[in-house]
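Visitor: need coordinates for the below:
(chains A and B)
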There are 2 protein chains.
Amino acid sequence: MKDFNFYAPTRVVFGKQSEEQLPRLLKEAGGKKVLVHYGGGSAKRSGLLDKVYGMLDDAGIEHVGLGGVVPNPLLSKVNEGIDLCRRKGVNFILAVGGGSVIDSAKAIAYGVPYEGDVWDFWNGKPATAALPVGAMLTIPAAGSEMSNSCVITKDEGAVKRGFNNDLCRCKFAIMNPERTYTLPPYQTAAGATDIMMHTMERYFSKHEDMTLTDAIAEALLRTVKESTFEVLKHPEDYRNRAQIMWAGSLSHNDLTECGLEKDFATHRLEHELSALFGVTHGAGLAAVWPAWARYVMKKHISRFVQFAVNVMGVPNDFSNPEATAEKGICRMEHFFHAIGMPTSIKELLGHDITEAQIDEMVDKCSRGGTITVGAMEVIAPDDMRAIYRMAR
Amino acid sequence: MKDFNFYAPTRVVFGKQSEEQLPRLLKEAGGKKVLVHYGGGSAKRSGLLDKVYGMLDDAGIEHVGLGGVVPNPLLSKVNEGIDLCRRKGVNFILAVGGGSVIDSAKAIAYGVPYEGDVWDFWNGKPATAALPVGAMLTIPAAGSEMSNSCVITKDEGAVKRGFNNDLCRCKFAIMNPERTYTLPPYQTAAGATDIMMHTMERYFSKHEDMTLTDAIAEALLRTVKESTFEVLKHPEDYRNRAQIMWAGSLSHNDLTECGLEKDFATHRLEHELSALFGVTHGAGLAAVWPAWARYVMKKHISRFVQFAVNVMGVPNDFSNPEATAEKGICRMEHFFHAIGMPTSIKELLGHDITEAQIDEMVDKCSRGGTITVGAMEVIAPDDMRAIYRMAR
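Guide: Now for the predicted structure:
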């Protein structure tokens, strides 16, 4: 078991009445001049944005809006936000949307008090300050509302990178599952996949002695799996929308990492796919995971058997652990297909990828051959190439 | 499902190397003059106290010590601490011990900046300020290291009451499972019982639609049950000591309450037992719970069936839910006996209690007949009397 820290200070306000708490939460967090940051049209169309502006006006809280955040959020938008916040004297950033909007808000928060190029932090510079950020979540997936993670894509060269620092943990997160009723099936399924992968990337660990964290992770994975089937049939099923939304936060607030060493190789391999092809992150994870799993399975057989039995409900063939483990991966592929997710890159993109594209992704994922990814199993550039080929 | 808030800002530092982090954590929390608060002789005998003083000296952090906190911590000690902190200009309170020490520290923290009688808060006055508190945990049980709860006994009249407020959440909690190796079997078992009851008092809820919280609670309960058997056989089993210690925090930091309405009737009934007879809280809970469970079971049968099947591993007799539910309670009694806990008040005390003593407990638990306890099932004074009699 690994010694661990657990720090999840975000104040979560969850449920049907949660949005009404916004003015109180902003005042407690010292928000006086607020940047309301959002994505495309859905926050506008649903009336949520108008509701937010109305509440801020009624509470006498000044605000300025900035929309247009895209999935796989861009550095150019972050820089636009930094400029705007400085010009307007913004002291708090409210993200209204999903993980892309929250990550863009976090990046702006780092940038405002920093004199250099904000991308420096994604190049390894430690951050020492950030404006406070709050979130009003509309897409359960990234878990950014409780995580210390912030993933940004630099427009030039499509370089997608993550930066983790506790400074960017949201002061509060407002979560109303009703806001997710209108999510299209593909986004719902991709979000559920991202949520499950955040836990699986921790569960597949070289440590196998943290029973409680494993048991919580398995409980979460089983719950999200069942709830995803339900909400795809019944989009306005509050109960199951709520399970998925809360699971999204718990999957990435480090609860399912306590005592383990996270792996995140699949995420790192996927980042290059979504940077290069602009695909939905969750769908990209589904396309890569089975190849990663089969590539590393034989060296970590007990873990894959545990996953098969405790999460996927595979009857344990005690005399043949490899067969049990393989069945767990198959069942996961069946699940992905059942919810409309791909299990190969060809299914994801609708076309083949070339060796040259694989070389480009390997080069970027390994930063020119200088780094490896993964922890349970270290994935070097040659392994990356092999996994991309298997996932093809 | 109930709308919920989740707020668990305590910075947890867990593991074999965790104690070395104390000076850094104190400095980050602004601790300059520290009250080191502790209980009886074990913190001294184990050398932990000397280690703490040594680290504070090396880091140039001023400190003053106050020991002598007893189980079911007393208001008189709290007042002694408040006086000492004021005289010495203490600005941070470090609790080195278990729940009693942490609760005593929290009460001192409320009292120092308050001009009136600190007991006012246990009489319903809202608190507006408190000194910061940190914990170095040596007994996993109360969960006070991450909870907003603080239970104090007023010496005069043995009045034991809880007061909940986020102001008293610990800034940090240092947890080294090795420190629990020397806990006697009875304290180990009573602690595990308290931990399980903190989750069970939330699990037995009138809400039955928060699948994820239920699944996490069940995972936690199964884990603590198995780990308790292991550590009673092998007191220096790090892995299982760690499961219990971390479960203690998660059981009372509200994670297992999300979407539910907590009940806590058994706790409230037990408080009068430990106030009157000075028994160990966890053992008192084991003595009362089976009676409470059988008293309320018939009106909440599906919940007790779920507990029996998912926690206690009872095969579900689908045609006879009551039989399945009853078996779950029986299995819990077997578990309590197997770990050396009582399942009746007579077993707890070694002697019968009188009707007059029951009357006194009912009177105090109901504050002279003015309040009820419980939420899944409201327990009025007559119900209290019936449960105490069944538990006798």
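
Visitor: from here on, just use CA atoms for contacts and neighbour counts.
Guide: OK.

Visitor: most centrally placed residue in chain A?
Guide: residue A:142 (2.4 Å; C-alpha atoms, centre = their mean).

Visitor: so how far is residue A:149 from it?
Guide: 9 Å (C-alpha to C-alpha, to the nearest Å).

Visitor: and residue A:108, by the same measure?
Guide: 14 Å.

Visitor: between the two, who's got more neighbours?
Guide: Between residue A:108 and residue A:149, counting by other C-alpha atoms under 10 Å in any protein chain shown, residue A:108 is the more crowded of the two (29 against 23).

Visitor: residue contacts, the closest residue to residue A:142 other than its chain neighbours?
Guide: Spatially, and ignoring its direct neighbours in sequence, residue A:142 is nearest to residue A:99 (4.9 Å; C-alpha to C-alpha, 6 or more residues apart in numbering or on different chains). By C-alpha atoms under 8 Å, 6 or more residues apart in numbering or on different chains, residue A:99 lies in contact with A:139-145.

Visitor: list the contacts of the helix or strand hosting residue A:153.
Guide: Using DSSP states H and E, residue A:153 sits in strand A:149-154. Applying C-alpha under 8 Å, 6+ apart, the set of residues contacting strand A:149-154 from outside is A:72-76, A:103-104, A:106-107, A:144, A:159-165, A:168, A:275.

Visitor: could you rerun that using 10 Å?
Guide: A:71-78, A:99-100, A:102-107, A:119, A:122, A:142-144, A:158-169, A:252-253, A:271, A:274-275 (C-alpha atoms under 10 Å, 6 or more residues apart in numbering or on different chains).

Visitor: what are the buried residues along it?
Guide: Within strand A:149-154, the residues scored as buried using 16 or more other C-alpha atoms under 10 Å in any protein chain shown are A:149-154.

Visitor: near chain B, which residues of the stretch 201-350 of chain A show up?
Guide: Residues of the stretch 201-350 of chain A lying near chain B by C-alpha under 10 Å from any C-alpha of the partner chain: A:209-224, A:227, A:238-240, A:242-244, A:246-247, A:250, A:255, A:258-259.

Visitor: so which of those belong to strands?
Guide: Assigned to strands by DSSP state E, none of those qualify.

Visitor: can you classify the residue of the stretch 1-150 of chain A found nearest chain B by secondary structure?
Guide: Nearest residue of the stretch 1-150 of chain A to chain B, counting by C-alpha to the nearest C-alpha: residue A:9, 3.8 Å away. Taking DSSP: H, G, I helix; E, B strand; the rest coil as the rule, one finds residue A:9 in the strand state.

Visitor: contacts only, for it.
Guide: Counted by C-alpha under 10 Å, 6+ apart, residue A:9 has contacts A:146-147, A:166, A:169-172, A:253, B:6-11.

Visitor: rerun that using 7 Å as the cut-off
Guide: By C-alpha atoms under 7 Å, 6 or more residues apart in numbering or on different chains, the contact set of residue A:9 is B:7-9.

Visitor: okay, it and residue B:8: tell me how far apart.
Guide: Taken as C-alpha to C-alpha, the span from residue A:9 to residue B:8 is 6 Å.

Visitor: could you do residue A:268 as well?
Guide: Distance from residue A:268 to residue B:8, by C-alpha to C-alpha: 30 Å.

Visitor: how about residue A:107?
Guide: For residue A:107 relative to residue B:8 (C-alpha to C-alpha), the value is 24 Å.

Visitor: please apply the same query to residue A:248.
Guide: From residue A:248 over to residue B:8 (counting by C-alpha to C-alpha), the distance is 17 Å.

Visitor: neighbour count: the two, which is higher?
Guide: residue A:248 (29 against 23).

Visitor: these two touch, right, the more buried one and residue A:145?
Guide: No - under the criterion of C-alpha atoms under 7 Å, residue A:248 makes no contact with residue A:145, lying 9.0 Å away.

Visitor: hang on, the earlier thing: for the buried residues of strand A:149-154, which one is nearest residue B:193?
Guide: Taking C-alpha to C-alpha as the measure, residue B:193 lies nearest residue A:149 of the buried residues of strand A:149-154, at 36.7 Å.

Visitor: quick one, domains of chain A?
Guide: Per the TED database, the structural domains of chain A span A:11-179, A:185-391.

Visitor: wait, what's in contact with residue A:268?
Guide: By C-alpha under 7 Å, 6+ apart, residue A:268 lies in contact with residue A:365.

Visitor: that's a helix at it, yeah?
Guide: Yes - assessed by three-state DSSP, residue A:268 belongs to a helix.

Visitor: what separates it from residue A:379, distance-wise?
Guide: 10 Å.

Visitor: reformat the domains of chain A as TSV; add distance to residue B:372.
Guide: Compiled in TSV, those are given as follows (distance: least, C-alpha to C-alpha, whole Å):
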stretch	distance to residue B:372
domain A:11-179	27
domain A:185-391	30
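
Visitor: give me the contacts around stretch A:36-51.
Guide: A:63-70, A:93-97, A:101, A:105.

Visitor: try 10 Å this time
Guide: Residues contacting stretch A:36-51 (C-alpha under 10 Å, 6+ apart): A:19-20, A:52-57, A:63-71, A:73, A:81, A:90, A:92-98, A:100-102, A:104-105, A:108, A:134-136, A:138, A:179, A:182-183.

Visitor: what do you get for stretch A:113-120?
Guide: A:75, A:78-79, A:82, A:86, A:107-112, A:125-131, A:152-154, A:161, A:163.

Visitor: make it 6 Å
Guide: residue A:111 (C-alpha atoms under 6 Å, 6 or more residues apart in numbering or on different chains).

Visitor: now do the buried residues in that stretch.
Guide: A:114, A:118-119.

Visitor: looking at these, which is nearest residue A:311?
Guide: When those are compared against residue A:311 (criterion: C-alpha to C-alpha), the nearest one is residue A:119, at 39.0 Å.

Visitor: gap between the two ends of stretch A:346-361?
Guide: First-to-last residue span, stretch A:346-361, C-alpha to C-alpha: 15 Å.

Visitor: now it: buried residues?
Guide: A:347-349, A:358, A:361.

Visitor: farthest-apart pair in those, please.
Guide: A:347 and A:361, at 18.0 Å, using C-alpha to C-alpha across those.
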